[in-house]
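[1] Quick one: sequence and predicted model below, then my questions.
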Amino acid sequence: MEDTLVEITGIAIAAILMFIFPLITMADRTDDVSQLTVEIATTEFVDEIRTTGKITPNAYSRFLTNIGSTGNAYNVEMEVRVLDENPKRKNIQNNTTGTRENVYYSVYNSQIETALEANRTYYLKEGDIITVSAKNSNQTIAQQLKNFFYKVIGKDIYTIASSHSGMIVATGR
């Protein structure tokens, strides 16, 4: 009877080592490929915005398609920090140093997407700062397997994320 219990335990351990462990490893590699894809797509999207000075509906749609090709759902957040050209409207004659500080105000996702959904281009000017981040909103297979076996990853934690930002170098209009 004891030999049978040992054999069943041995078979169960062998099955885990032969099937489950490679499955977890392959799922992790899939997440790594997805991570790389999202990083490249985010960087290319931000660099295109930086050099052209505008966010077009086509570029945004292409970006969403590229990151969606990984098979995951993503929360995309965009922030544009707009350079305020004349924050205090100082009198130039009283400003003896000739310096002024740059003041930015932020425009967020909802305002940008409203313009893009109306099929309009969102224009930026030189000196503005764009930040785009994408985080997966669904659980990948690797997350589900790790959750089941290790209880390491919670349901609210993302594993695939990318963020890129840069200063606009060309005025869009």
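    Looks like it came in fine.
[2] Count the residues that sit near residue 39.
    Neighbourhood size, residue 39 [other CB atoms under 10 Å]: 17. Just so you know, the C-beta spots here come from the backbone N, C-alpha and C atoms, and that holds for glycine as well.
[3] ok, for it, nearest residue in space, not its chain neighbours?
    Leaving aside its sequence neighbours, residue 39 sits nearest to residue 162 (CB to CB, 6 or more residues apart in numbering; 4.4 Å).
[4] Hmm, that neighbour is touching residue 131, no?
    No. The criterion here is CB atoms under 8 Å, and residue 162 misses it with residue 131 at 11.5 Å.
[5] So which of the two has more stuff around it?
    More crowded of residue 162 and residue 131, by other CB under 10 Å: residue 162, with 21 against 15.
[6] residues contacting that one?
    35, 38, 39, 41, 42, 43, 133, 134 (CB atoms under 8 Å, 6 or more residues apart in numbering).
[7] redo that, cut-off 10 Å
    Residues in contact with residue 162 (CB atoms under 10 Å, 6 or more residues apart in numbering) are 35-43, 46, 67, 74, 132-136.
[8] To which secondary structure element is it assigned?
    strand 161-167 (DSSP states H and E).
[9] Over to residue 147?
    With DSSP H and E as the criterion, residue 147 is inside helix 141-149.
[10] surely residue 79 meets residue 110?
    No. At 11.0 Å, residue 79 does not count as touching residue 110 under the criterion of CB atoms under 10 Å.
[11] The two: which is more packed in?
    Legend: neighbour count by other CB under 10 Å for residue 79 and residue 110, higher for residue 79 (15 against 8).
[12] What does the pLDDT read for the residue lying closest to the more buried one once chain neighbours are set aside?
    Nearest residue to residue 79, sequence neighbours excluded (CB to CB, 6+ apart): residue 131, at 4.6 Å. Residue 131 is assigned a predicted lDDT (pLDDT) of 95.
[13] what do you get for residue 142?
    For residue 142, pLDDT reads 84.
[14] my guess is it contacts residue 72, does it?
    No. In this structure, residue 142 is not within contact of residue 72 by CB under 10 Å, at 11.0 Å.
[15] Can you pull the residues that touch both of the two?
    Joint contacts of residue 142 and residue 72 (CB under 10 Å, 6+ apart) are 30, 31, 34, 159, 160.
[16] Quick check: the residue nearest to residue 79 is in a strand.
    Yes. According to DSSP: H, G, I helix; E, B strand; the rest coil, residue 131 belongs to a strand.
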